[in-house]
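> Any chance you can model this:
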Amino acid sequence: MNNGRSARPTRAIYPGSFDPLTNGHLDVIERAAIAFSELVVAIVVNPQKRNPMFTLEEREQMLKECVAHIPNVRVDHFRGLLADYVQAQDADVIVKGLRVVSDFESEMSTALMNRSLSNVDTLFLMSDAKFSFVSSSLVKEVFFLGGDVSPFVPHVVLDVMSSKRAALKRS
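Predicted structure coming up:
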């Protein structure tokens with residue numbers, strides 16, 4: 001399909017808080033990296049999300065370690081409107097992962113608003129079925145209640161989570 005645009009590399013933005021990064025996020029990153037010339041995994045600094053488990057620096061470091069094997073992925077962060085960040089990055093598309101139907105219902109209005117503000121479309125990638133129930137908030141809850149979350153997060157993330165739990169127990 002020729003929509004009047006000349007062929008050029010495609011830069012996609014995959015935004016999220018990644019607090020913590022899950023294997024579901026990593027699955028979306030790996031699949032989106034195949035589809036686009038460049039994928040920017042952009043950590044949203046969201047003042048409305050109080051008491052994040054990880055600092056911005058920790059999330060950036062863990063993400064960089066987890067995507068180091070993917071040459072066309074870079075990690076960044078931003079504050080403010082995603083639409084402004086997308087335009088500043090000269091991105092062609094926003095990538096969002098969907099786990100369940102309710103994700104689509106909540107993401108659709110955001111995608112439409114971002115399109116109206118930036119003229120950039122959102123591409124939705126369905127999660128792998130084995131991650132369809134995994135969310136960062138659920139992982140944190142299970143972890144702090146003593147459950148095993150090792151199947152749901154990369155090893156580097158589990159190591160940092162375990163260090164944080166150990167530090168909390170000492171204090």
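
> For stretch 119-134, give the mean pLDDT please.
Mean pLDDT, stretch 119-134: 92.

> Work out the gap between that stretch and the centre of the chain.
With CA atoms, centre = their mean, to the nearest Å as the basis, stretch 119-134 stands 10 Å off its chain's centre.

> Can you get me the start-to-end distance on that stretch?
Chord length of stretch 119-134, first to last residue, is 31 Å (CA to CA, to the nearest Å).

> For this protein, which segments are assigned as strands?
11-16, 38-45, 73-79, 93-98, 121-126 (DSSP state E).

> on contacts alone, who are the packing partners of the longest one?
Okay, so that is strand 38-45. Strand 38-45 sits against strand 11-16, helix 23-35, helix 56-67, strand 73-79, helix 82-88, with contacts defined as 3 or more CB pairs under 8 Å, 6 or more residues apart in numbering; DSSP states H and E. All C-beta spots, glycine's among them, are computed from the backbone N, C-alpha and C.

> residues of that strand that come out buried?
E38, L39, V40, V41, A42, I43, V44 (16 or more other CB atoms under 10 Å).

> Same list (those residues) but as JSON lines, adding pLDDT.
Shown next, in JSON lines, are the buried residues of strand 38-45 (pLDDT from 0 to 100):
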{"residue": "E38", "pLDDT": "97"}
{"residue": "L39", "pLDDT": "98"}
{"residue": "V40", "pLDDT": "98"}
{"residue": "V41", "pLDDT": "98"}
{"residue": "A42", "pLDDT": "98"}
{"residue": "I43", "pLDDT": "97"}
{"residue": "V44", "pLDDT": "94"}
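
> Nearest residue to P15 in space, please, no chain neighbours.
Ranked by CB to CB, 6 or more residues apart in numbering and with sequence neighbours excluded, the top spatial neighbour of P15 is A42, at 4.7 Å.
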